[in-house]
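**Student:** let's see this in three dimensions:
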Amino acid sequence: MGEINYAFFSMTRKERYKFILDYFKEHQPVVTTQLEFGSAFQLLCATLLSAQCTDKRINEITPALFRRYPDAASMATAEPDDLLEFIHSVSYPNAKARHLVAMARKLVSDFGGEVPDNTADLVSLPGVGRKTANVLQAVWFGKAVMAVDTHVYRVAHRLGLVPSTANTPLKVEESLEKNIPKEDIPRAHHWLLLHGRYVCLSAKPKCDKCPFNDICPKLLKNSKLS
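**Tutor:** Numbers count the residues shown, from 1 in each chain. So this is what the prediction gives:
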């Protein structure tokens with residue numbers, strides 16, 4: 001670790017955002033989801049399946065799934081047991097199979113088989129929470145919304161981007177959206193997520209590989225990250 005940069009701790013939160021975002025813009029100018037998909041429906045399915053599962057695993061099983069059920073209309077004709085043949089190796093396969101079928105049927109019955117582009121309609125779909133809804137809106141529809149998963153939540157707190165009072169995913173989402181320029185929000189989700197997935201790990205963060213190591217709030221006295 002280099003000399004502690006105490007100047008970092010006198011930064012305003014606005015300056016801290018700029019410092020971190022400028023780094024990501026320079027080093028990861030092009031970034032998006034690691035999930036593989038060919039349509040809004042397939043992205044919705046892949047995101048739903050990815051809960052508590054790796055993107056690598058999802059990308060291994062979705063090609064066969066999407067060949068058999070490429071759209072909502074085809075999946076709506078299936079039963080949950082039919083999907084288990086394709087998704088049995090993911091986490092919570094039975095629940096996810098039920099959600100996928102119910103989600104596809106609701107898309108057909110209520111939305112003409114098309115994936116809606118707003119939060120209210122998306123979260124009305126079985127198995128779809130706010131995080132998944134925001135992924136769809138940001139990645140497919142290009143909206144400036146921040147999807148907050150466990151990685152984004154953790155990194156936002158560890159880097160001091162949100163106050164300790166932002167103690168729910170929604171509060172983190174609102175704080176990040178307030179402070180990140182609108183045009184950067186879709187990429188910022190992936191920047192924070194990937195940083196949490198590969199560097200700022202939950203149990204054993206790879207601080208020696210972190211570009212923010214010498215300015216990390218963990219260096220502050222009484223930091224929970226010390």
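**Student:** CA atoms for contacts and neighbours, from now on please.
**Tutor:** Noted.
**Student:** what's the longest helix in this protein?
**Tutor:** The helix spanning the most residues in the chain, taking DSSP state H as the definition, is helix 93-111.
**Student:** quick check: buried residues in that helix?
**Tutor:** If you call a residue buried by 16 or more other Cα atoms under 10 Å, then helix 93-111 has these buried ones: 93, 96-108.
**Student:** now that helix - C-alpha only, CSV.
**Tutor:** C-alpha atoms of helix 93-111 as CSV (Å, rounded to 0.1, in the frame of the first residue of the first chain):
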residue,chain,number,x,y,z
PRO,A,93,-34.6,-24.1,-10.2
ASN,A,94,-38.1,-25.0,-9.1
ALA,A,95,-39.1,-21.5,-8.0
LYS,A,96,-37.4,-20.0,-11.1
ALA,A,97,-39.2,-22.4,-13.4
ARG,A,98,-42.5,-21.4,-11.9
HIS,A,99,-41.7,-17.7,-12.2
LEU,A,100,-40.5,-18.0,-15.8
VAL,A,101,-43.7,-19.7,-17.0
ALA,A,102,-46.0,-17.4,-15.0
MET,A,103,-44.0,-14.3,-16.2
ALA,A,104,-44.3,-15.4,-19.8
ARG,A,105,-48.0,-16.1,-19.5
LYS,A,106,-48.6,-12.6,-18.0
LEU,A,107,-46.6,-11.0,-20.8
VAL,A,108,-48.8,-12.7,-23.3
SER,A,109,-52.1,-12.0,-21.5
ASP,A,110,-51.4,-8.4,-20.4
PHE,A,111,-48.7,-7.0,-22.7
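**Student:** helices of this structure, start to end?
**Tutor:** Ranges of helices within the chain are 13-27, 40-49, 55-68, 72-75, 80-87, 93-111, 119-122, 130-135, 150-158, 169-179, 185-198, based on DSSP H.
**Student:** coming back round to it: and the longest helix of the chain, what does it pack onto?
**Tutor:** Under the contact definition 3 or more Cα pairs under 8 Å, 6 or more residues apart in numbering; DSSP states H and E, helix 93-111 sits against helix 40-49, helix 72-75, helix 80-87.
**Student:** isn't Pro80 up against Arg98?
**Tutor:** Yes - the criterion here is Cα atoms under 8 Å, and Pro80 meets it with Arg98 at 5.1 Å.
**Student:** hmm, back to that, ok, which of the helices and strands packed on helix 93-111 comes nearest Leu136?
**Tutor:** In terms of Cα to Cα, the element of the helices and strands packed on helix 93-111 nearest to Leu136 is helix 40-49, at 6.6 Å.
**Student:** next one: that closest one to chain centre, how far?
**Tutor:** The chain centroid and the centroid of helix 40-49 are separated by 12 Å, computed with Cα atoms, centre = their mean, to the nearest Å.
**Student:** which residues touch that helix?
**Tutor:** With contact meaning Cα atoms under 8 Å, 6 or more residues apart in numbering, helix 40-49 is reached by 35-37, 58, 62, 66, 70-72, 90, 96, 100, 114-115, 127-128, 132, 135-136, 140.
**Student:** remind me which residues of this structure are low pLDDT?
**Tutor:** Low-confidence segments of the chain (pLDDT under 70): 1-11, 219-226.
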